[in-house]
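[1] mind folding the following:
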Amino acid sequence: MTDTLELKDPIDAPSSGPSAGVEEEVDTSPPPPFEGVKWRVRINDQEYGPYTRSRLIEFLKEGRVSAHTMLCCGSDTEFTRADAHPQLRWDFSTPRKRRFGEPKLEAGETEPPVCNYFIAGRLVSDAAGFERMLKSCGRSSKIAGDMWVLRSRLTVHQIRHRLASLLKGHDQFVVVNATRDRLAWYNIGVEADIGLRDIWDAPDI
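    Numbers count the residues shown, from 1 in each chain. Alright, predicted model coming up:
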């Protein structure tokens, strides 16, 4: 999207109106902060994001976004290859490390490991669709209320993205990787987010 600057008066024309001929006080305050344009990433028909440009640069440095990765910028609706996107301008000559969406393997691993997950939520929109999506992620079973166990090769973040794509504003859930002690959540609110991070990453009790 391109903003057009409209000049209503010639640059050298004198000012008109009540303040003409009066020396005005110059505003030296800094401009308001620029709201960064967000980026979206599409891999195998799955859309991720939106991400800030700085986050996208991190993905590029890691090799998780490659030359053929499809990107969409700002309010645009069309996805374009990263190496052809006019707003990106990135050198893709560096070696590939890891494609976006691929699980991060631990030392000695050759494929994503099978992990056990516990999922708990508060679902008000599409609980049946939520269950179907869980079953597509691996072997799952409902244990009580809006609580499930899942065995899958997907990462905790891949599972969260798949589940979140089905839900609406009032739904909430937490995904715990019981095998690797990792955690992801959706729409739990600011206070709960802060408390969860504070407890989960605490150095001691």
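
[2] the spatially most central residue of the chain and Arg40: what is the separation?
    With distances taken as CA atoms, centre = their mean, Gly49 lies nearest the centre of the chain, 3.1 Å away. Separation of Gly49 from Arg40 (CB to CB, to the nearest Å): 4 Å. Heads up, the C-betas are built off the backbone N, CA and C, glycines and all.

[3] Ala202 now?
    The span separating Ala202 from Arg40 equals 34 Å under the rule CB to CB.

[4] these two: which is more packed in?
    Higher neighbour count among Ala202 and Arg40: Arg40, with 18 against 8, using other CB atoms under 10 Å.

[5] residues contacting the more buried one?
    Residues in contact with Arg40 (CB atoms under 8 Å, 6 or more residues apart in numbering) are Glu47, Tyr48, Gly49, Pro50, Tyr51, Leu71, Cys72, Cys73, Phe79.

[6] can you redo the residues you listed as CSV with secondary structure, pLDDT and distance to Ile188?
    As requested, the contacts of Arg40 are exported to CSV (DSSP: H, G, I helix; E, B strand; the rest coil; pLDDT from 0 to 100; distance: CB to CB, whole Å):
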residue, secondary structure, pLDDT, distance to Ile188
Glu47, strand, 88, 22
Tyr48, strand, 88, 20
Gly49, strand, 86, 20
Pro50, strand, 90, 19
Tyr51, strand, 90, 20
Leu71, strand, 95, 29
Cys72, strand, 94, 27
Cys73, strand, 92, 29
Phe79, coil, 95, 30
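
[7] that'll do, ta.
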